[in-house]
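In: Coordinates for the following, if possible.
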Amino acid sequence: MKKTFTLCTALLLIAGNALAQFTLPKKVYRIAELEKAQAEAESKGKPITIIYTDETTSCGLCAGASLNAADKLGSKTVVVYVSARDGSQSLPDVVRQALRAPEAGRFIPKTVIMDAALTRLLATVPYAQSPEQDRLLKDALRSLPKPERHSALMRPPAPAPGLTAFSIPPAMDRECRIWTSQSGATLEAALVHVQNGTAALRRKDGGKVQIQCHLLSREDQDYLQGLQAGPSP
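Out: Numbers count the residues shown, from 1 in each chain. Prediction:
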């Protein structure tokens, strides 16, 4: 009887380890690709999901919940994986605060859904096992603001001629200002540089955001073209 119990325990441990270490889908961005994730989210009008977990975990339940969250949220949001070991330091303060909040729970994966600029918390999903996790994920998706639908008469204006190709040299002394995308999202940041029609912005907390210039409001596009032209003689 004792041998049978020991054998069963060993088999369970082997099964648990087989389920534990995992790899998130290729469509999931890594924290080092955060700027690319923000650019995709902005261009598609989607929020960003931060899954705070550990791909090297020894817990099969954690691994399963992490993969389930990435799968269920991947079609409606842009998903970013943040390592629970060392990745949170690269996140803006507002995201770190959301992950530390009681609503995020004590165990990984912790999942928070933010706007594309990573300035506003939209939903929090703590760790749970299915089917409870499935219910929490569905509730989170239902709570997200619906993307704006533009008719043919309401489409954003076409980019100004040459806007997608021009560049502005780097400068670290530009003042912060409010940037507005054509979808209505806003972000307070300073322009670092423009390269090949993509603006690199620096938030007050030091975080960086990249956005294609033609996705910015007409006022922001005029501001950039004024910088490119330089001061009037």
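
In: need the contact list for the residue nearest in space to the middle of the chain.
Out: In the chain, the centroid-proximal residue (Cα atoms, centre = their mean) is I48; its distance is 3.4 Å. Going by Cβ atoms under 8 Å, 6 or more residues apart in numbering, I48 touches A37, Q38, A41, T77, V78, V79, V80, I113, M114, D115, A116, L118. Where C-beta positions appear, they are placed from N, C-alpha and C, glycine not excepted.

In: Out of the residues you listed, list just those in strands.
Out: By the criterion of DSSP state E, membership of those in strands covers V78, V79, V80, I113, M114.

In: what's the closest of these to S167?
Out: Nearest to S167 out of those is V78 (Cβ to Cβ; 26.4 Å).

In: OK, contacts around the closest one?
Out: Y29, A37, Q38, E40, A41, K44, K46, P47, I48, T49, A116.

In: cool, D134 as well?
Out: N68, K72.

In: ok so it is a strand residue?
Out: No: checked against DSSP: H, G, I helix; E, B strand; the rest coil, D134 lies outside a strand; its state is helix.

In: Per-residue pLDDT of it, please?
Out: Note for D134: predicted pLDDT of 96.

In: thinking again about what came up before, for the ones in strands among the contacts of I48, which one is nearest D54?
Out: Distances from D54 to these, taken by Cβ to Cβ, are shortest for V80, at 14.6 Å.

In: Count the neighbours of that closest one for me.
Out: Other residues lying near V80 total 27 when counted by other Cβ atoms under 10 Å.

In: what do you get for A123?
Out: There are 22 residues near A123, going by other Cβ under 10 Å.

In: May I have the beta-bridge partners of it?
Out: Beta-bridge pairing for A123 (DSSP bridges): I113.

In: which ones are touching it?
Out: A123 is in contact with V112, I113, D139, A140, L141, S143, L144, counting by Cβ under 8 Å, 6+ apart.
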